[in-house]
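K.L.:
model this:
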Amino acid sequence: MASVTATARPERARYRRAATPPSRIGRLIIVLNLAGLAILVGGALLLNELRQGLVNARVESLRIEGQLIANVIEKNATVGDPEPLLVADTASDFLDSLSIPKTERVRLFDSEGHPISDSYVATDRVEATPLPPAQKPGDKPFSFPGFAPSKRNDQAAEKALNKEVSEALAGQMVAGVRLSENGGRVVSVSIPIEHVREVLGVLTLEAGDVDQIIAAERAALVPFIVIAIAVNLLSSFALTQLIAQPVRRLSAAADSVRLSRARAIALPDIAERKDELGDLARSLEDMTHTLSDRMEAIERFAADVAHEIRNPLTSIRSAVETLDLVKEGAGRDRLQTILKQDVGRLDRLITDISNASRLDAELSRESPRPVSLARLLREIVGLYETTRRENDPHVRLVQDDADMATVAGRESPLSQVFRNLIDNARSFSPKDGDVWVTLSRERGQAVVKIDDSGPGMPPENLETVFERFYTARPRGAAFGGNSGLGLSIARQIVEAHGGSIHAENRTDAAGAVTGARFVVSIPATRTAPRTQG
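P.N.:
I've put the predicted structure just below:
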């Protein structure tokens, strides 16, 4: 059998030298891995829940801080009763004395909404920060960090602030997110300063660090995103090398078998893998080896057929050539008899060859079904007894556990097996002798034994009789009456059903051979088939 390693080497070299197109499986692996990662990264960057949580937490902290400051202002910067007033200077001095974080802005408004104090423009506040560089004509004015003024957003920010202060002057706390002067978002809380039930002013606290916190969170995610992308790319390329490339090698090996007329695929490095690709490689190797064995069997069969057909054709040609020289008499009659025998032999040989060549197709075409061997053998034996001629051997059936002898198979080929074996046994049995067909069930096997009363077989021929075109006929048998394919076909059918067949000699108590026996074993099923009408 040719080896793909030797015969397909030029073809494989051609595949290696050729430009390799991108792997579809590899691209799919990379795209799917990156798609899942993109969804994860996108969700992490959006941070909707985180932003909303930060806003809520910031609102709560500003509310607590604002209520504390408002309570202090209400206690220390209000005068008059029953008509209280807010002392603007006292309240402003108090706010100036507070240490307000740079990320927050505190403003105070009177009862009419006019600003009283602003933590970013407090005159008495000392900032421990370096002064900005001297400005030149045309430079932008200096702005506080996070709250740089912008003419484009001034009106919108002032309108949103005035609306918030107006709602707070109505006696309710207002909290939310609005735009600042520089267009950024700020979390704002406006708390009314009340004395008894009189609203004396509004305290507004703003925090503009939510976007900075979100940006910092995103920046902290960048290294992890880079690492995740790198890991996904590495895993994608590793999967491509472990899956896509071996599949392409298997495809190339299959093409080399087709193009280079090699007999089998051989990729040991892939077949040794303990995964699905290893299973696939081993299955492909087994399949191609099976096909190779079948091709070799076909080649041997064709050679045997040519040899067997040549013999009767040579005899016919010699008889025809001699026939012209013998004009009459016993010699001419003898030549005509030889011609008839050779033609009959050739006809039977061609018929058996045709049946043998169609056997594989017939076995694969029909699906296995439950077959009752008891019923099948009763029909076959009954047919032999019905068509028996005078002096022909009797065919008798012996059943043991007949109802349990059921196999999964194809009835027509199995019938051919037993007919071939019975015909062989009858040809070796004496006139009016007996051929015994015994059916039993042994260790999960349906066993059929066919015994004859002939001279038996030489021990060295017990296996040879199953070879194609092997014939060893008893004396007196008609020449050319057998093609030598019957037992070979029987073994092929039995093995296709997962069974076995062998030959042995029967002996008596003294050890003398009393006949030959063929034993057929086929796996039995657990249940008997339904009776067929």
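K.L.:
To what extent is T507 buried, counted in neighbours?
P.N.:
12 (other Cβ atoms under 10 Å). Yep, even glycine has a C-beta here, placed from its N, CA and C like the rest.
K.L.:
actually I116, not the one I typed
P.N.:
Burial of I116 is recorded as 19 neighbouring residues (other Cβ under 10 Å).
K.L.:
and it, that's in a strand?
P.N.:
Yes: counting by DSSP: H, G, I helix; E, B strand; the rest coil, I116 is part of a strand.
K.L.:
what about it, distance to D93?
P.N.:
According to Cβ to Cβ, to the nearest Å, I116 and D93 sit 11 Å apart.
K.L.:
again with G454
P.N.:
Using Cβ to Cβ, G454 is found at 134 Å from D93.
K.L.:
Which one of those two is surrounded by more residues?
P.N.:
Neighbour totals were compared for G454 and D93, and G454 leads with 22 against 15 (other Cβ under 10 Å).
K.L.:
So that one, which state does it fall into?
P.N.:
coil.
K.L.:
Now it. Nearest residue, chain neighbours left out?
P.N.:
Nearest residue to G454 in three dimensions, chain neighbours excluded: F428, at 3.1 Å (Cβ to Cβ, 6 or more residues apart in numbering).
K.L.:
can you give me the strands in the protein?
P.N.:
Taking DSSP state E, the strands of the chain run over residues 78-79, 85-86, 104-110, 115-118, 174-179, 185-195, 198-207, 369-372, 394-399, 406-409, 434-442, 445-451, 500-507, 513-523.
K.L.:
I'd like those strands as a markdown table, with distance to I380 and mean pLDDT appended.
P.N.:
Below are these laid out as a markdown table (distance: least, Cβ to Cβ, whole Å; pLDDT from 0 to 100):
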| stretch | distance to I380 | mean pLDDT |
| --- | --- | --- |
| strand 78-79 | 121 | 84 |
| strand 85-86 | 120 | 85 |
| strand 104-110 | 105 | 89 |
| strand 115-118 | 114 | 88 |
| strand 174-179 | 95 | 84 |
| strand 185-195 | 95 | 88 |
| strand 198-207 | 100 | 89 |
| strand 369-372 | 12 | 89 |
| strand 394-399 | 8 | 88 |
| strand 406-409 | 15 | 88 |
| strand 434-442 | 8 | 90 |
| strand 445-451 | 11 | 92 |
| strand 500-507 | 16 | 92 |
| strand 513-523 | 13 | 92 |
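K.L.:
want to throw the ones you listed into JSON lines with distance to Q241?
P.N.:
Compiled in JSON lines, the strands of the chain are given as follows (distance: least, Cβ to Cβ, whole Å):
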{"stretch": "strand 78-79", "distance to Q241": "79"}
{"stretch": "strand 85-86", "distance to Q241": "77"}
{"stretch": "strand 104-110", "distance to Q241": "56"}
{"stretch": "strand 115-118", "distance to Q241": "65"}
{"stretch": "strand 174-179", "distance to Q241": "51"}
{"stretch": "strand 185-195", "distance to Q241": "48"}
{"stretch": "strand 198-207", "distance to Q241": "52"}
{"stretch": "strand 369-372", "distance to Q241": "47"}
{"stretch": "strand 394-399", "distance to Q241": "63"}
{"stretch": "strand 406-409", "distance to Q241": "44"}
{"stretch": "strand 434-442", "distance to Q241": "53"}
{"stretch": "strand 445-451", "distance to Q241": "49"}
{"stretch": "strand 500-507", "distance to Q241": "46"}
{"stretch": "strand 513-523", "distance to Q241": "44"}
